[in-house]
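**Student:** Structure for the following, please:
(chains A and B)
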Amino acid sequence: MLVAGVDVGSVATKVVIIKDDTFYFRTAPTGWSPRQAGTEVLQDLLSDLGYRKEELDYVVATGYGRVSLGFADKTVTEITCHARGAAYLVPGCSLVIDIGGQDSKAIKIDPQGQVLDFAMNDKCAAGTGRFLQVIAAALGNAVSELSEMAAGRTPLALNSMCAVFAESEVIGLLASGHDKGEIVAGLHHSIARRIASMVGRLGSFDRVAFTGGVARNDSLRQCLESVLGTDVIVPENCQMAGALGAALIARGYCK
Amino acid sequence: MRPAGLDSFKNIREQNIMTLKQKKEEGTKVAGIYCQFCPRELVLAAGAIPVGLCGTKNDPIAAAEKDLPRNLCPLIKSSYGFAVTDTCPYFHFSDLVIGETTCDGKKKMFELMQKIKPVHVMHLPQMPDRASSLALWYDEILRVKAAIEEQFGVEITDEAIREAIHITNQEARALKELFDLNTAKPALLTGTELLMTSFQVSFIADRRQGIAMLDNLVAEVRELALKGYHVGDENTPRILITGTPIGMGSEKVVTLVEECGGLVVAMQNCSGYTPATLHIDESDTRDPIMLLAEKYIGIPCSVMSPNPGRRETLERMISEFKVDGVIDLTWQACHTFNIESYFIAELVKDKLGLPFLHLETDYSDSDRETLRVRIEAFLEMI
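**Tutor:** Just a heads-up that it's a prediction; the model follows:
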């Protein structure tokens, strides 16, 4: 049995192929064409594994570009897929926090990874990967450097969560001589508080999975732990949760 | 095999503009109304035509925002926008507009609207359990009666009110029979069809014609159902929408649910089931003004405090319509519905254990895709 899950996100495209009980992962930037990215990343991974597309038994597409993939057997929302994938990656978690490129979400799940409830921020860039990108650019750093910059620093109080206003606030703080690390630590705290208010609407949780590209930021993970007062676990393939969930759902359709 | 009777409602709004124009030329008076709280029986009893005014489209909102704040309910902005741009023929033909202090936004908007048309605003008490509230509301109904009489130069008799009560009861009965078709599983009408029909029928100048059309449609659908007609199937998720009112032009949540594979089987709001359940006992011989006061103060609008009636109705409907999930729709900046969603969530999620989704949006299409993801994920939960 050969199935695939394709998660076309706003920043990265992720593919998971399951051959019997073995999992294969691949990720690449989405670029301007979600359709092309989804097709190519899947094709690359298939070729490397020595399979042809026609041999796939079932494909589930998810992510914002899911509808552009004509070859998928089914499309499922990223909420359902992330829940399923995170439950697999972090067994026993009852909540999934996913921070992606253009939205952030909190998903309450049952032990099988079925969605019980969810809350989502998709009205603006605040608290998303995009927000961190804008701020990193203003600081002249890469997003991947933010975690280390903030490590061990005292967070500076920041007033703005709007990507546009926060950028000007950061520039102002830099101009008045504040330390970059303290600014970044402050931003992480603002994001964590925002996520916590979203989580608060769903209840309280003792084991939380943190997924999406932004979960690779360990300083932010620590902030979430302290604000939520619970263990926040980032699985090894945190960015792959959606694609993995899609592949698991695809496998379910085959059985 | 789709019910042919549905098509008879399609162009009703446009056709009725001509009927209304003709009636106006013959000297009939027209009263424009916005809200379910308006005792339309008094308009009918005055020999005038009550018409629902436009307020469900996004088009005139930009014009309204010249005078009103942006961060205001789209229903209020749309209503005012249609009035100020003179693009709602029903507003245009109205000799009198009747409003109520249903919420702060409407109350203050009516002050601006007075500059364009005579607007009579009824003071709606918001704590219905108090005896003083009923006394105030009774007085307000007398007041609006006097305003109609003065404006239209007629006298409203008790006899005419009782006749109007009968007609309005019949209208509610016909609407309820239409909505109740969907207690069948699989359902018999889509949410889009229900919405179109109940919205369009509110524009018909001749009440009897509207009732007859509804009765015909219900009879036709029942007959089709006997031959096996239905929409969706046994497994189609049956969704109930509650909250703020929906009309043509603001139906995006209904459309999205049905595009994503669900079916809106019922709507617990003042554009849906709520008015269909209002009824006055015609054998009650008390003062008809008191009968009207009691009927209208009983509407379970979120502006009322406390408002247990909405939850009771909702719980009954969820069972009768065999509902799989509930969407609570709040128009942006409608505080009362937005806050009351807490109790609706408690009822649906905790007490009944059903999937629940609260959406806050406006009439624009700007969030259509983000709404689609939520609605799709919500349907996947079922």
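**Student:** care to break chain B down by domain?
**Tutor:** B:4-156, B:160-381 (automatic domain parsing).
**Student:** For chain A, which of those is the nearest?
**Tutor:** Between chain A and those, the shortest gap by C-beta to the nearest C-beta is with domain B:160-381, which sits at 3.7 Å. Backbone N, C-alpha and C define where each C-beta goes, glycine included.
**Student:** picking up where we left off before, in TSV: the domains of chain B, plus distance to residue A:153 and mean pLDDT.
**Tutor:** Below are those laid out as TSV (distance: least, C-beta to C-beta, whole Å; pLDDT from 0 to 100):
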stretch	distance to residue A:153	mean pLDDT
domain B:4-156	37	95
domain B:160-381	34	96
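**Student:** Next, format these as CSV and append mean neighbour count and distance to chain A.
**Tutor:** Formatted as CSV, those follow (neighbours: other C-beta atoms under 10 Å in any protein chain shown; distance: least, C-beta to the nearest C-beta, whole Å):
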stretch, mean neighbour count, distance to chain A
domain B:4-156, 19, 13
domain B:160-381, 19, 4
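**Student:** can you put the ones you listed in CSV and add distance to residue A:180?
**Tutor:** CSV is the format used below for the domains of chain B (distance: least, C-beta to C-beta, whole Å):
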stretch, distance to residue A:180
domain B:4-156, 36
domain B:160-381, 33
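**Student:** moving C-terminal of the strand or helix carrying residue B:197, what's the next helix or strand?
**Tutor:** Per DSSP states H and E: residue B:197 is located in helix B:191-201. Once the chain leaves helix B:191-201, the next helix or strand it forms, by DSSP H and E, is helix B:207-226.
**Student:** Helices of the stretch 201-350 of chain B, residue ranges please.
**Tutor:** For the stretch 201-350 of chain B, the helices defined by DSSP state H, counting those that start in this stretch occupy B:207-226, B:252-259, B:273-276, B:288-297, B:308-320, B:335-345.
**Student:** Minimum distance to residue A:45: which of the domains of chain B has it?
**Tutor:** domain B:160-381 (25.7 Å; C-beta to C-beta).
**Student:** Report the distance from the closest one to the chain centre.
**Tutor:** 8 Å (C-alpha atoms, centre = their mean, to the nearest Å).
**Student:** Stretch A:187-199 now?
**Tutor:** So, by C-alpha atoms, centre = their mean, the centroid of stretch A:187-199 is 15 Å from its chain's centroid.
**Student:** any residue of it up close to chain B?
**Tutor:** No - Stretch A:187-199 stays clear of chain B (C-beta under 8 Å from any C-beta of the partner chain), getting no nearer than 13.0 Å.
**Student:** At the geometric centre of the chain, which residue sits there?
**Tutor:** All of this is about chain A. residue A:212 (1.5 Å; C-alpha atoms, centre = their mean).
**Student:** wrong chain, I was asking about chain B
**Tutor:** Short answer for chain B (C-alpha atoms, centre = their mean): residue B:271, at 2.2 Å.
**Student:** Quick check: that residue vs residue B:339, distance?
**Tutor:** 21 Å (C-beta to C-beta, to the nearest Å).
**Student:** got the angle for the helix holding residue B:197 vs helix B:252-259?
**Tutor:** Orientation of helix B:191-201 against helix B:252-259 (axes from the mean of the first three to the mean of the last three C-alpha atoms, to 10 degrees) gives an angle of 140 degrees.
**Student:** and helix B:191-201, what does it pack onto?
**Tutor:** For helix B:191-201, the elements it packs on are helix B:7-10, helix B:12-25, helix B:158-180, helix B:207-226, helix B:252-259, strand B:263-268, judged by 3 or more C-beta pairs under 8 Å, 6 or more residues apart in numbering or on different chains; DSSP states H and E.
**Student:** got a list of contacts for that helix?
**Tutor:** B:6, B:9-10, B:12-13, B:56, B:175, B:178-179, B:182, B:189, B:210, B:213-214, B:217, B:231, B:239, B:241, B:246-248, B:251, B:254-255, B:257-258, B:263-265, B:267, B:271-272 (C-beta atoms under 8 Å, 6 or more residues apart in numbering or on different chains).
**Student:** repeat that with 6 Å
**Tutor:** Helix B:191-201 is contacted by residues B:6, B:9, B:12, B:13, B:210, B:247, B:248, B:251, B:254, B:258, B:264 when judged by C-beta atoms under 6 Å, 6 or more residues apart in numbering or on different chains.
**Student:** thinking again about what came up before, minimum distance to residue A:1: which of the helices and strands packed on helix B:191-201 has it?
**Tutor:** helix B:252-259 (32.1 Å).
**Student:** quick check: angle from that closest one to strand B:263-268?
**Tutor:** Going by the same axes, to 10 degrees, helix B:252-259 makes 150 degrees with strand B:263-268.
**Student:** Please report the distance of residue A:78 from chain B.
**Tutor:** Taking C-beta to the nearest C-beta, to the nearest Å as the measure, residue A:78 falls 7 Å from chain B.
**Student:** Pretty sure that residue sits against residue A:64.
**Tutor:** No - applying C-beta atoms under 6 Å as the test, residue A:78 and residue A:64 come out as separate, 7.5 Å apart.
**Student:** who's more crowded, these two?
**Tutor:** Neighbour comparison, residue A:78 and residue A:64: the larger count goes to residue A:78, with 30 against 22 (by other C-beta atoms under 10 Å in any protein chain shown).
**Student:** pLDDT value on that one, please?
**Tutor:** Looking at residue A:78, its pLDDT reads 93.
**Student:** Contacts only, for it.
**Tutor:** So residue A:78 contacts A:62, A:63, A:242 (C-beta under 6 Å, 6+ apart).
**Student:** Now flag whichever of those residues is closest to residue B:68.
**Tutor:** residue A:63 (38.6 Å).
**Student:** ok, now which ones touch that closest one?
**Tutor:** A:7, A:8, A:9, A:78.
**Student:** what about the residue in the stretch 1-150 of chain A that chain B sits nearest to, neighbour count?
**Tutor:** Nearest residue of the stretch 1-150 of chain A to chain B: residue A:79, at 3.7 Å (C-beta to the nearest C-beta). By other C-beta under 10 Å, 25 other residues sit near residue A:79.
**Student:** For residue A:114, give me phi and psi.
**Tutor:** phi -80, psi 140 (degrees, to the nearest 10).
**Student:** how about low-confidence regions in the stretch 151-255 of chain A?
**Tutor:** Low-confidence segments of the stretch 151-255 of chain A (pLDDT under 70): A:163.
**Student:** Now do the helices in it.
**Tutor:** Under DSSP H, counting those that start in this stretch, the stretch 151-255 of chain A gives helices at A:163-175, A:180-200, A:218-228, A:241-254.
**Student:** Of those helices, which is nearest residue B:21?
**Tutor:** helix A:163-175 (50.5 Å).
**Student:** Next, the angle helix A:180-200 makes with that closest one.
**Tutor:** 150 degrees.
**Student:** Tell me the buried residues in helix A:163-175?
**Tutor:** A:163, A:166, A:167, A:169, A:170, A:173 (16 or more other C-beta atoms under 10 Å in any protein chain shown).
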